[in-house]
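Trainee: Take a look and give me a structure for this.
(4 chains)
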Protein chains: 4
Amino acid sequence: MTVSREVELEGHIIDSGMMQTSFGIIMDMGGAFEVEEFQIGRHKDAESYAKLLVTADDQETLQSIVHELHQNGANPADPKDATLEPAPEDQVVPKGFYSTTNHPTQIRYEGQWLSVEDVEMDCAVVVEPEGGPDGEPRAYTKVLNAIDADDLVVTGEAGIRVKPPERPRDQEGAFGFMQGGVSSERPSETTIGNIAEAIEETKAEDGTVLAVCGPALIHSGAREDLARLVREGFVDMISAGNGFAVHDIERDLYGTSLGMDTESLDHPRKGHKHHIYTISEVIRAGGIEEAVETGVIESGVMYECVENDRPFVLAGSIRDDGPLPDTITDSVEAQNAIREQAHEADLVLMLSTLLHSVAVGNCLPSTTRTVCVDINPATVTQLLDRGSAQAVGMVTDIGTFVPMLAEKILDEE
Amino acid sequence: MTVSREVELEGHIIDSGMMQTSFGIIMDMGGAFEVEEFQIGRHKDAESYAKLLVTADDQETLQSIVHELHQNGANPADPKDATLEPAPEDQVVPKGFYSTTNHPTQIRYEGQWLSVEDVEMDCAVVVEPEGGPDGEPRAYTKVLNAIDADDLVVTGEAGIRVKPPERPRDQEGAFGFMQGGVSSERPSETTIGNIAEAIEETKAEDGTVLAVCGPALIHSGAREDLARLVREGFVDMISAGNGFAVHDIERDLYGTSLGMDTESLDHPRKGHKHHIYTISEVIRAGGIEEAVETGVIESGVMYECVENDRPFVLAGSIRDDGPLPDTITDSVEAQNAIREQAHEADLVLMLSTLLHSVAVGNCLPSTTRTVCVDINPATVTQLLDRGSAQAVGMVTDIGTFVPMLAEKILDEE
Amino acid sequence: MTVSREVELEGHIIDSGMMQTSFGIIMDMGGAFEVEEFQIGRHKDAESYAKLLVTADDQETLQSIVHELHQNGANPADPKDATLEPAPEDQVVPKGFYSTTNHPTQIRYEGQWLSVEDVEMDCAVVVEPEGGPDGEPRAYTKVLNAIDADDLVVTGEAGIRVKPPERPRDQEGAFGFMQGGVSSERPSETTIGNIAEAIEETKAEDGTVLAVCGPALIHSGAREDLARLVREGFVDMISAGNGFAVHDIERDLYGTSLGMDTESLDHPRKGHKHHIYTISEVIRAGGIEEAVETGVIESGVMYECVENDRPFVLAGSIRDDGPLPDTITDSVEAQNAIREQAHEADLVLMLSTLLHSVAVGNCLPSTTRTVCVDINPATVTQLLDRGSAQAVGMVTDIGTFVPMLAEKILDEE
Amino acid sequence: MTVSREVELEGHIIDSGMMQTSFGIIMDMGGAFEVEEFQIGRHKDAESYAKLLVTADDQETLQSIVHELHQNGANPADPKDATLEPAPEDQVVPKGFYSTTNHPTQIRYEGQWLSVEDVEMDCAVVVEPEGGPDGEPRAYTKVLNAIDADDLVVTGEAGIRVKPPERPRDQEGAFGFMQGGVSSERPSETTIGNIAEAIEETKAEDGTVLAVCGPALIHSGAREDLARLVREGFVDMISAGNGFAVHDIERDLYGTSLGMDTESLDHPRKGHKHHIYTISEVIRAGGIEEAVETGVIESGVMYECVENDRPFVLAGSIRDDGPLPDTITDSVEAQNAIREQAHEADLVLMLSTLLHSVAVGNCLPSTTRTVCVDINPATVTQLLDRGSAQAVGMVTDIGTFVPMLAEKILDEE
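Mentor: Numbering: from 1, shown residues only, chains lettered A, B, ... in the order given. Down below sits the predicted model:
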């Protein structure tokens, strides 16, 4: 005895890979299929449509398959309302909760399709029947630790529509090239030029650019050029760790980075003392903003953030010294602050930090443009795997990348 | 004014990705398409068929597109004979020569489809009208430096059929899992077990196993277990460099590897002298075989090769000491020896050497099973990218991999 | 006009490199020196003694030089009491505070040398004049965020003695080989055997073994063997992140790791749902211990920790899901918990996690034995650079390392 | 019963590490020592002197120890003439032959110290009693395969003096900083500025700059800037492989690199055909020089070499296509050509190729300045380990490094 279910695929389902992925899922997971209907888009702007009958040996397998198909944009053909179940306790999801992708998603509630707000991977979807501004229903994602007892959580697979991003029909604009993944075989300067254009485009459209920054930025001498980008408004928000901010400020207070004079390369002794003093001075001032205002800090990335009202999030970590008063030491609180930034961003620059880039990337919908730059190819690959539709990875030296990027944006205008 | 051409796709064209790739190629390269015919395979064992009309603005673009489609298995709908042009000089191809993929390929000659022999990437195809045993026509690949003046070389795109490997319908057998690419997130022991099974399977089918070996094998202590695999007949051929053989023999003559005692880890001084002595002794004996026969060499991988008639190829390199008399110092001659081994192999183990693995991989058809093992993920990725249909990559330590593999094959039988 | 100061070096100052380092420091930092006295140890067990007059152009340079010499074990020849200054505010150090090394350190207080307790890098030293059990003075390290206003903090360079570890005279015992840094050219199995011996030795001396564990341990299939080592008492404490524990428990609850069946390698779909369910179930139970006691968790590393009273610390991070109720989300609190474990440990196994290993390594004195294992050579190098006197690094696959280690310890007894 | 031997150390034996290394060697290898005499350099410009009596349990151990001490610059105190033995056969060294370091070396022959010519690692030293221009004796290195029967080869340890490079007393000039090894924590632009100065210095002293080039140089877009450096005379010689030259010329003939347009990034299809055509065209012309002269090649690195009489060596490899007629396919011949270039070079730039850099590095004395640039830290570390006294390593992107270097040298003059 077998069980079966109809699913539908719509859009550019062939060249987006949706069709191939769906066939693969069914076969990998031990199911079978019949193509009941198929209308192919006859030319490159026409959409296609397919209806598949998916068959499996038991209900559990069928459900797993349908779940996977779902995640990839194949929707059950028989739209019913989504099933809602109350969360049994705080931070506990009901059995069979629907775990989100990072793609645009809709939930069917009382016959209507609600767009899920704040789309983000691996979350639950909560429906508030009268949560909208005028008492209309709304649906939004919640991470596990934000679940409250009795939240109405979507379970099962019915009444959910996922829309994975499609391959752009045209290769126009800077991000046109950005499906290609990482390559160390691309010309570096040309690629940096394309990234510069993407930033300029985003700003021209009033978009928001978030830079996620690792400490290597400071050690490698890219600090002044990043500060210029912040000052001139090409970077709107900073997400980083305690170390990044301390190194940036140490450079201002002592002219050193980890104790080395960044100009003369003199005295390359591990001057960890400057690091501790820097934290100590900022604590004495009461925080970074206060230290800028009282003239303790006079230059750098954090300085430009304060002076130009660019918000920053500094997330704590177990390897921090100090930390600074501005650093959010609680990882859940820090995640919430990161999440807020991520949801506002239109383009994210991930600059030589795996930890913070993963944290930001976890909160991004697949529609946000991302640029990942790191000297380690494994880091770039891992970040691109999170599945942004418009991403470019570049394996390069942050110490030459940022100066070249700043030159292309600021000096060649 | 536009130009156009019909192409056909046949087989499991959706789940193999052929359809998606074809659409992508056309759009990327500035063309357009119309789907003139489409019959979808209704269930998982049924094949599909599509006929596309590809359009471009000029003949050159159209040709480039059709060439790319071709490489991916889409064939012109109007089969004509392949165009043949004589090579103008030795080592010079005629303009527009057809450059091969590593997939099974056929050439249409006087209305008949000839299977191209010795399929290998980036070669020319030469047709000998009466070259077969009974005077019938044959077609085979030739690398550039083997081209003789007046060889009949296939040019253009007409009369050529390429058959890229398809996704297996069933996941049976050890290599079933081997589409997944590299992952450091796979359980190591289970994966090694699967590779052991693949080797056993290949041997059970009277297949030939070629091991491509880097010097790290010896330094990391895997020598004895590899020697056992050679002795017991689970490795039939060895492809390596001069250094591998010298290290292997040094271990026999002096108990050291690069001067370090591999058992006690004593005296880790750079005893490069043993290395030079080893070469010197083998030269004195007249070669490896002679050194084994006269009792100079009494154990190890090279010893087992000689004793058990397992052929080996040692290819020279500009960083070699010596070299040994057995090392082929001319790179073209060495390639030819490697090519011969590669064409005989049914399963290739690429063990911690990028240079030699690339050289072997260049000569393999996409139908040969390959296993790539290296501690460096970039090496594994680069090797898997060569496009074997049945490949598994593993990022692991060769010094633990080979002992575990030998144990699973030899001790658990 | 120049200023000068006498410093003394004692011990095996030549072969420990102390003499060379001291000369290098003085010359690099723009100073000059005269060797006023020198008695060389005439044979390998005799100690040497040197008195240098260090000269510089100004007081500040001299102080920097003397500070650096100090960190490397050269002590001012004119012992005075250490200078103590009260901390001006909570978390603020007085100007010129002495920043610790990770070497055994003494402070001169009222003519007496006090051993500094809880030696750890980059800390301040606080003296409590009557802080000892019988009202005697004591000195101990404090990290910046633990400094309270009015703590008596050591400043300057006077009255401080640092004793960097010396090169062992004899090469006995398993850790004899452990000065050699990382090498992928060492035989893997022999090296694993040496590490097994070191663990057995540590346990034979009633020492404490701390394992710092990354999630790759679970994905790579090493979970069961690590659990055995915990159960059998060869691992006494675990330091890890939220992810490690969740993956370990997911394996118990669902037989999967990130959704993949770790035995059959089946269904390698990203089953992130199991991950979220696992956290949800543990939250419902009230924590890991409760989940073990109520039978929810029945096997694995965390299970063995609970069953056998092996303490564990789970530190939160901004990329966590959940987290589990046991995870310490505040990074300062988590550091304190890690610090406590680190101070108790006699041997630390750092297993495929950079973040947690750095956090633990920051808290270790240079006298604690450390073993660093990672597939990424850069990680191993970075961890060894922290400067343990008895450290071994191994670039290998954690998925083969742990099973081989467990076999050598548990099955070959 | 023990045996013993006196050795002497002279120079800056403490801060160069020679003393420490010597003590370490003796203890590691199971010997003992007594310091019979010791005069310490009292200030930073004074040299030191030590006489050690080294003792071991047997003659063989003593000899091994003395050999190691030797390699590190400790010389037997009782100078006798070097022992010479005729080579028994071509390519066979006499037992106990002396294997060279890459440091300046002298051989005592009939009471006189001869400087060994063409110093290079891992070679034999051959003495020609009347080989000098006026019939005086000379000594020079020979690699194993160049040894002729009856060559007088130095054996044993007597009559040999090795002078490892010392740490510079002063930190002046661009290479002052170049002892520090690799660091990704150095400011990139400042470091590139220092390398530019070193090249300018070398040229100002009429020195010769050799660039060892990998194909990534072309793919990453650095070709035009390297060509400028060749044209303007800041790079005097090129050492590369077949692939580098083909990619460079393909860029000229087709505007592509591996088939990708390097300006527009268009058509990133694997256009391997252009690669084969390029080789084919150069073969047709008869070689690179002929292709330049007949106008087939009109720009690029190889073009500038031909036009400006900068010699190049192209060494073959088993992964080459073609190869070009200029490529030396025999690895022994290629090594000889590389050796000749290496001996002429005063500064070597190793640019993103491990294979060719190792081959060149093997032939360099420790006194040649070397700059190693690669995106892979392991490559940089491995190259720096060869032991140049004046080396700088930089982990960066060759595609941004070369343009910045060319700008600093050519545009900021």
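
Trainee: got the phi/psi numbers for residue A:227?
Mentor: For residue A:227, the backbone dihedrals (degrees, to the nearest 10) come out as phi -60, psi -40.

Trainee: What is the neighbour count of it?
Mentor: Counted with other C-beta atoms under 10 Å in any protein chain shown, the neighbours of residue A:227 add up to 23. For every residue, glycine as well, the C-beta is placed using N, CA and C.

Trainee: show me where chain A has helices.
Mentor: For chain A, the helices defined by DSSP state H cover A:18-28, A:59-71, A:188-204, A:216-219, A:223-231, A:242-254, A:272-285, A:288-293, A:301-307, A:331-344, A:354-362, A:377-384, A:398-406.

Trainee: residues of the second one that come out buried?
Mentor: This points to helix A:59-71. Residues of helix A:59-71 classed as buried: A:61-71 (neighbour count, 16 or more other C-beta atoms under 10 Å in any protein chain shown).

Trainee: repeat for the shortest one
Mentor: For helix A:216-219, a neighbour-count test (16+ other C-beta under 10 Å) marks A:216-219 as buried.

Trainee: How far off centre is it?
Mentor: Mean-position distance between helix A:216-219 and its chain equals 22 Å (C-alpha atoms, centre = their mean, to the nearest Å).

Trainee: is any part of it close to chain D?
Mentor: Yes - Helix A:216-219 comes into contact with chain D (C-beta under 8 Å from any C-beta of the partner chain), by way of A:216, A:219.

Trainee: Local confidence estimate at residue A:155?
Mentor: pLDDT recorded at residue A:155 is 93.

Trainee: Okay, it and chain B: tell me how far apart.
Mentor: According to C-beta to the nearest C-beta, to the nearest Å, residue A:155 stands 28 Å off from chain B.

Trainee: Kindly state the beta-bridge partners for that residue.
Mentor: Note on residue A:155: beta-bridge partners by DSSP bridges are residue A:83, residue A:97.

Trainee: quick check: mean pLDDT across stretch A:371-389?
Mentor: The average pLDDT within stretch A:371-389 is 85.

Trainee: how about it against chain B, any contact?
Mentor: Yes - Stretch A:371-389 is in contact with chain B by C-beta under 8 Å from any C-beta, via A:377-378.

Trainee: Can you give me the buried ones in that stretch?
Mentor: For stretch A:371-389, burial by neighbour count (16+ other C-beta under 10 Å) applies to A:371-384, A:386-389.

Trainee: now check stretch A:41-49, is it near chain B?
Mentor: Yes - Stretch A:41-49 is in contact with chain B by C-beta under 8 Å from any C-beta, via A:41-44.

Trainee: before we move on, the earlier item: weakest of the helices of chain A in terms of mean pLDDT?
Mentor: Lowest mean pLDDT of these: helix A:18-28, a mean of 81.

Trainee: How far away from the center of its chain is that one?
Mentor: Relative to its parent chain, helix A:18-28 has a centroid offset of 26 Å by C-alpha atoms, centre = their mean.

Trainee: repeat for stretch A:103-113
Mentor: Distance, centroid of stretch A:103-113 to centroid of chain: 23 Å (C-alpha atoms, centre = their mean).

Trainee: got it, and stretch A:105-125?
Mentor: Relative to its chain's centre, stretch A:105-125 lies at 18 Å (C-alpha atoms, centre = their mean).

Trainee: in that stretch, what's buried?
Mentor: Residues of stretch A:105-125 classed as buried: A:105-109, A:114, A:116, A:118-125 (neighbour count, 16+ other C-beta under 10 Å).

Trainee: domain ranges for chain A?
Mentor: Domain ranges of chain A: A:1-77, A:79-167, A:174-411, per automatic domain parsing.

Trainee: Quickly compare the ones you listed and say which is most buried.
Mentor: Mean neighbour count, computed with mean count of other C-beta atoms under 10 Å in any protein chain shown, is highest for domain A:174-411 among the domains of chain A, reaching a mean of 21.

Trainee: Could you measure from residue A:65 over to chain D?
Mentor: Counting by C-beta to the nearest C-beta - residue A:65 and chain D are separated by 35 Å.

Trainee: nope, residue A:281 is what I meant
Mentor: Taking C-beta to the nearest C-beta, one finds residue A:281 at 23 Å from chain D.

Trainee: Hmm, that residue is touching residue A:296, no?
Mentor: Yes - if you go by C-beta atoms under 8 Å, residue A:281 and residue A:296 touch, sitting 6.1 Å apart.

Trainee: hey, what's in contact with both of the two?
Mentor: Any residue near both residue A:281 and residue A:296 by C-beta atoms under 8 Å, 6 or more residues apart in numbering or on different chains counts here, and that gives residue A:253.

Trainee: Reformat the domains of chain A as JSON lines; add distance to residue D:407.
Mentor: Below are those laid out as JSON lines (distance: least, C-beta to C-beta, whole Å):
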{"stretch": "domain A:1-77", "distance to residue D:407": "42"}
{"stretch": "domain A:79-167", "distance to residue D:407": "38"}
{"stretch": "domain A:174-411", "distance to residue D:407": "11"}
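
Trainee: To residue B:99, which of those domains lies closest?
Mentor: Residue B:99 lies closest to domain A:174-411 among the domains of chain A, at 18.8 Å (C-beta to C-beta).

Trainee: Brilliant, that's me finished.
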